[in-house]
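In: Model the following, please.
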Amino acid sequence: MTGQLSVIHSYPIWLPQTQTWMYNQVKYLPNTIKSVISCEQVQNLDQFALPRIYASNSPLGLHFFFSRTLRKLGIQYRIGPISNITKQEGAAVLHSHFGTTGWYNLIAAKRNQLKHVVTFYGLDVSKVPQQHPIWRKRYTQLFEEADLFLCEGPYMARSLAAQGCPTNKIRVHHLGIPIENLSFQPRKWRQGETLRVLIVASFREKKGIPDALLALGKIKDQVDLEITIIGDASKENSSQNEKRRIFTLIESLGLTSKVRLLGYQPYKVILAEAFRHHIFLSPSVTASDGDSEGGAPVVLIEMMATGMPIVSTMHCDIPEVVEYGKKDWLVAEHDVDALANRLIWLIEHPGDWAQLAQQGRNHVERHFDASVQGLKLSKIYFNLIN
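Out: You can find the predicted model right below:
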């Protein structure tokens, strides 16, 4: 690989506070890649600033509200902004993040003769085509015209193939985390101490927070608990309903005095809380509307890298992430008894935590290092144009 390759990363909003994983994906690309962000709106630039961000609600392109209207009408509208960026930055590759973004970008990619990479992340694989059948037809067009499709793991890859994506266009590419910034501190806990359990997730059905609370309710009389929940609901009705369900369960299970609700927090706060907790609980499920993780929550990778034991489910690509070398460590979706039993096992075997932590850290270092994944992604880009 010689020279510098200019790549446009197309993403609707740069960047929601819950999507640090997207920032790391771009930040850790090597210097051989000149990354350019094309978005409709910017948020949280104090946390996610990068040198070249083109927002269409600025004089550089379409007005944000005009773009939103076109998107609602199902019009492939990203032609102007991407054409302008291609000329100004000499771009050769367009990387659309989320399958829906990829479809909206098809005409822009074709007119500007850009190699087109599309990454699917979860709801775009599961919820979107189930809830809105028009996207099945749109994905058929996308699968035919785009050059390459990236997935977080083999489960998502199989799901994409099942929807008609040619298998020769699908590549598994793990999302990376900045391991060098995550100190390894295997958690220690002794009988008689307060057990601190952390949950980090938006209030969406697929996150399984009610199952987590039900499991914790089953063990609250066996151990003194402190439960911290970092996350909140969006404005969507389904998310608000999930929030009401969570609050109702906290009260009905007698957990009110044991639960800290911190709402959404910056990444640095999440990390600080992580290091004062013993166990990370994340029982993802397939939601009633078809929504799923698709791959796996990146926060699982981060928490495991810090040395915290993970209790989670056999959902989507979570088995690709949570690997402790123990058979049946992950439990079935909605199996509250199994979740409680896994927590009880940890309570009864604190001496085994160090081995779990080391195995988890080793797995993350081998497969999810952001710098290594950045190099792999750069090779994917260069191979497309050669």
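In: Quick check: the gap between residue 343 and residue 312.
Out: 12 Å (CB to CB, to the nearest Å). No exception for glycine: its C-beta is placed from N, CA and C like everyone else's.
In: what is in contact with the two at once?
Out: Common neighbours of residue 343 and residue 312 (criterion: CB atoms under 8 Å, 6 or more residues apart in numbering): residue 281.
In: how about residue 140, phi and psi?
Out: Phi and psi for residue 140, reported as degrees, to the nearest 10, are phi -60, psi -40.
In: and the closest residue to it other than its chain neighbours, what element?
Out: Leaving aside its sequence neighbours, residue 140 sits nearest to residue 164 (CB to CB, 6 or more residues apart in numbering; 5.9 Å). For residue 164, there is no enclosing helix or strand under DSSP states H and E.
In: Now do residue 164, the pLDDT please.
Out: The model reports residue 164 with a pLDDT of 97.
In: and if you look at residue 364?
Out: 97.
In: and if you look at residue 62?
Out: pLDDT at residue 62 comes out at 43.
In: And for residue 72?
Out: pLDDT, residue 72: 54.
In: cool, and residue 40?
Out: Value for residue 40, per-residue pLDDT: 87.
In: now residue 386
Out: 89.
In: quick revisit: what's the burial count for the residue nearest to residue 140?
Out: 12 (other CB atoms under 10 Å).
In: give the contact list for it.
Out: Contacts of residue 164 by CB under 8 Å, 6+ apart are 139-140, 143.
In: Also residue 217?
Out: 249, 253-255.
In: Filter these down to the buried ones.
Out: For those, a neighbour count by 16 or more other CB atoms under 10 Å gives the buried set as 249, 253, 255.
In: for the first one, phi and psi?
Out: In terms of degrees, to the nearest 10, the main-chain angles of residue 249 are phi -70, psi -40.
In: Distance of it relative to residue 229?
Out: 11 Å.
In: from what I can see residue 150 touches residue 169, true?
Out: No - contact status for residue 150 versus residue 169: not in contact, 10.0 Å apart, counting by CB atoms under 8 Å.
In: Mind checking which of those two has more residues around it?
Out: residue 150 (23 against 16).
In: what pLDDT does that one get?
Out: In this model, residue 150 carries a pLDDT of 98.
In: quick one, helices of the stretch 1-150 of the chain?
Out: Remark: helices assigned in the stretch 1-150 of the chain by DSSP state H, counting those that start in this stretch are 20-27, 45-48, 64-72, 79-89, 99-104, 106-111, 127-131, 134-145.
In: I'd like to know which of these has the weakest mean confidence.
Out: What stands lowest among the helices of the stretch 1-150 of the chain, in mean pLDDT terms, is helix 64-72, with a mean of 50.
In: for the chain, what helix or strand is lowest in average pLDDT?
Out: One helix or strand of the chain scores below all others by mean pLDDT, DSSP states H and E: helix 64-72, with a mean of 50.
In: need the helices for the stretch 251-386 of the chain, in chain order.
Out: Counting by DSSP H, counting those that start in this stretch, the stretch 251-386 of the chain has helices at residues 267-274, 298-306, 318-321, 336-348, 353-367, 370-385.
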